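> could you look at this predicted model? Sequence included:
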Amino acid sequence: MTAPAGGGTGALLIHGLGGTQFDLGPMHKALRRAGVETHAVTLPGHAGSPEDLVPVRAEQWLDAVTQAYDELAPRYETFHVLGMCMGALLALAACERRQHRKGRLVMLAAPVYIDGWSTPWYRALRHVVYHIPMLPARMRVDEDEPFGIKNDLVRAIVKAKFERGDNFHYRWVPLACIRQVDRLRGWVLRGAGRIACPTLVVHAREDELTSVRSADFLEATVPDVRKVVVENSYHMICVDNDREQVVASVLAFLGFDPERARRRARAGVEVPMSEEAVATVVGEYLQALTGGHFEAIFPLLEPGVRWRHHGEPPLAGSYDDRDAVIGMFARLEALAGKTVRVALSAPPRIDGASVEIDLEASSVMEGVPRHSRGTQVLRLRNGRIAAVTFRPAEALAAGTAVAAQ
């Protein structure tokens with residue numbers, strides 16, 4: 001829906017280097033629920049391959065953002081500009097260029113300084129390499145773990161996306177475009193004091209790419225600024241542990257009630273699932289389990305899932321929420337690496353929202369082959385898996401024998 005000229009509230013959201021709107025996590029949806037019409041811009045050199053970034057200059061990024069601003073801002077009474085990572089630098093540069101006063105500016109994890117805890121000590125040498133002919137275009141800067149994400153679940157999902165080759169974020173960027181980011185940083189360092197609109201700066205204390213020094217600089221330099229530092233995330237604050245706090249801070253700063261814009265919680269009572277819905281969840285679960293894509297299991301689980309694994313260590317135990325289950329799989333990967341194999345020994349038996357699955361599993365831990373058989377029972381509720389119980393075949397056989405006596 002297009003707003004009438006000069007009416008309503010709009011926002012331009014700008015992604016980071018090598019990224020997409022995934023960088024901003026739930027920000028688009030949260031703003032829309034608050035009544036804001038959101039717009040995205042795809043920066044030059046993106047939505048293709050990393051090599052596309054080689055010839056791009058910072059001026060092209062800023063021109064693309066400014067063009068989007070010029071097209072969109074006149075449509076609304078109020079118009080906000082939000083950016084994540086490099087997008088935050090572009091947001092400030094565009095607002096400074098246009099002396100934006102029609103709304104507010106939000107800067108999320110802005111890398112004014114590239115000095116986070118994961119950046120190597122020799123990072124300053126890149127300024128020498130920039131001047132070596134052809135080398136900056138050929139050198140790659142890889143996106144490695146922790147991928148800017150502290151949350152185990154989200155990091156596992158991102159890692160799996162990279163391994164599958166999903167086109168949601170470049171796996172690497174050429175050093176040549178880091179040079180353009182450095183030029184953009186220079187513009188921000190010189191222009192931050194000329195921002196004419198209220199500005200929100202949100203930064204993670206543990207940001208591995210850019211330390212909180214960046215937020216401190218913006219707080220000290222931008223004329224009308226509010227700073228929020230989150231304590232349990234790395235660089236990708238819109239998708240990490242503090243994402244709800246980040247969204248709430250942005251909404252409050254823009255004048256909206258975060259509670260009204262919050263996603264409605266799932267029903268407190270159980271909603272019956274159709275046979276097709278149950279079969280779909282079970283199919284996705286089994287595909288992830290037998291395919292070794294364990295990270296794809298986690299979104300299928302309720303946050304408060306109860307997982308019981310009876311049998312021998314190291315997996316035996318009770319895991320009372322999704323984070324604990326993620327920890328269990330992380331421990332399994334640490335012990336067995338990529339040697340884990342899971343197969344069905346019989347088709348799943350579905351009875352309403354309850355499913356029995358006969359499994360065989362094998363792995364190699366510390367050089368010792370392991371093999372187990374047993375049955376998992378899944379309990380589904382409201383579209384997700386609410387409980388998982390595994391019992392080894394030996395325990396099931398013993399129970400049957402006792403019952404027969």
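Okay, I see it.

> every contact and neighbour count from this point should use C-alpha atoms.
OK.

> what's the first-to-last distance across stretch 41-50?
18 Å (Cα to Cα, to the nearest Å).

> which non-adjacent residue is nearest the residue most central in space within the chain?
By Cα atoms, centre = their mean, the mean C-alpha position of the chain lies nearest to residue 239, the distance being 3.7 Å. Excluding the flanking residues, the one nearest residue 239 by Cα to Cα, 6 or more residues apart in numbering is residue 25, at 5.1 Å.

> so what's the backbone phi/psi at that neighbour?
Residue 25 adopts backbone torsions of phi 50, psi -130, taken as degrees, to the nearest 10.

> so it is in contact with residue 238, correct?
Yes: assessed by Cα atoms under 8 Å, residue 25 is found in contact with residue 238 at 5.1 Å.

> quickly list what's touching both of these two.
Counting by Cα atoms under 8 Å, 6 or more residues apart in numbering, residue 25 and residue 238 have no common neighbour.

> these two: which has the busier surroundings?
residue 238 (25 against 17; other Cα atoms under 10 Å).

> show me the contacts for the more buried one.
23, 24, 25, 26, 27, 246, 247.

> CSV for the residues you listed, including secondary structure and pLDDT?
Shown next, in CSV, are those (DSSP: H, G, I helix; E, B strand; the rest coil; pLDDT from 0 to 100):
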residue, secondary structure, pLDDT
23, helix, 90
24, helix, 92
25, coil, 88
26, coil, 87
27, helix, 93
246, helix, 95
247, helix, 93
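
> closest to residue 211 among those?
residue 246 (17.2 Å; Cα to Cα).

> test my guess that that closest one contacts residue 201.
No: if you go by Cα under 8 Å, residue 246 and residue 201 don't touch, sitting 10.2 Å apart.

> shaky segments in the stretch 301-405 of the chain?
Residues of the stretch 301-405 of the chain meeting the criterion pLDDT under 70: 395-405.

> and if we set it to 80?
312-314, 323, 327, 330-331, 334, 394-405 (pLDDT under 80).

> for this structure, which strand is longest?
Ranked by residue count under DSSP state E, the longest strand found in the chain is strand 368-381.

> can you list the strands that it pairs with?
Strand pairing for strand 368-381, determined by DSSP bridges: strand 354-365 (antiparallel), strand 384-392 (antiparallel).

> among those, which is nearest residue 13?
Here strand 384-392 is closest among the strands paired with strand 368-381 (Cα to Cα), at 31.2 Å.

> please identify the buried residues of that closest one?
Residues of strand 384-392 classed as buried by neighbour count (16 or more other Cα atoms under 10 Å): 384, 385, 386, 387, 388, 389, 390, 391, 392.

> what does that strand rub up against?
Against strand 384-392 from outside (Cα under 8 Å, 6+ apart): 281, 300-302, 304-311, 372-380.

> same check, this time on stretch 28-46
By Cα under 8 Å, 6+ apart, stretch 28-46 touches 8-15, 18-21, 52-54, 56, 60-61, 64-65, 68, 247, 251, 256-257, 260-263.

> so of those residues, which ones are in strands?
9, 10, 11, 12, 13, 14.

> which non-adjacent residue is nearest residue 19?
Residue 19 sits nearest to residue 169 (Cα to Cα, 6+ apart), 4.5 Å away.

> look up how far residue 49 lies from the one you found.
10 Å.

> more neighbours: these two, which one.
For the pair residue 169 and residue 49, the greater number of neighbours falls to residue 169 (24 against 15), based on other Cα under 10 Å.

> now the buried residues of strand 384-392 in JSON lines, with distance to residue 361?
Converted to JSON lines, the buried residues of strand 384-392 look like this (distance: Cα to Cα, whole Å):
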{"residue": "384", "distance to residue 361": "24"}
{"residue": "385", "distance to residue 361": "21"}
{"residue": "386", "distance to residue 361": "22"}
{"residue": "387", "distance to residue 361": "20"}
{"residue": "388", "distance to residue 361": "16"}
{"residue": "389", "distance to residue 361": "15"}
{"residue": "390", "distance to residue 361": "12"}
{"residue": "391", "distance to residue 361": "13"}
{"residue": "392", "distance to residue 361": "11"}
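
> so which bits of the longest strand of the chain are buried?
373, 374, 375, 376, 377, 378, 379, 380, 381.

> ok, stretch 191-204 next?
For stretch 191-204, the neighbour count (16+ other Cα under 10 Å) marks 191-192, 194-204 as buried.

> start and end of it, how far apart?
Stretch 191-204 end-to-end distance (Cα to Cα) = 23 Å.

> then stretch 155-175?
For stretch 155-175, the end-to-end distance is 24 Å (Cα to Cα).

> confidence score at residue 71?
As predicted, residue 71 sits at a pLDDT of 97.

> chain center to the helix or strand containing it: distance?
Using DSSP states H and E, residue 71 sits in helix 58-72. Distance, stretch centre to chain centre, for helix 58-72: 25 Å (Cα atoms, centre = their mean, to the nearest Å).

> give me the contacts around whichever helix or strand comes after it.
Next helix or strand after helix 58-72 toward the C-terminus (DSSP H and E): strand 78-84. Contacts with strand 78-84, where a contact means Cα under 8 Å, 6+ apart, come from 7-16, 23-24, 73, 88-91, 95, 102-110.

> by contact count, what packs against the following helix or strand past strand 78-84?
Following strand 78-84 in sequence order, the next helix or strand is helix 86-98 (DSSP H and E). When contacts are defined as 3 or more Cα pairs under 8 Å, 6 or more residues apart in numbering; DSSP states H and E, helix 86-98 sits against strand 9-14, helix 58-72, strand 78-84, strand 105-108, helix 175-191.
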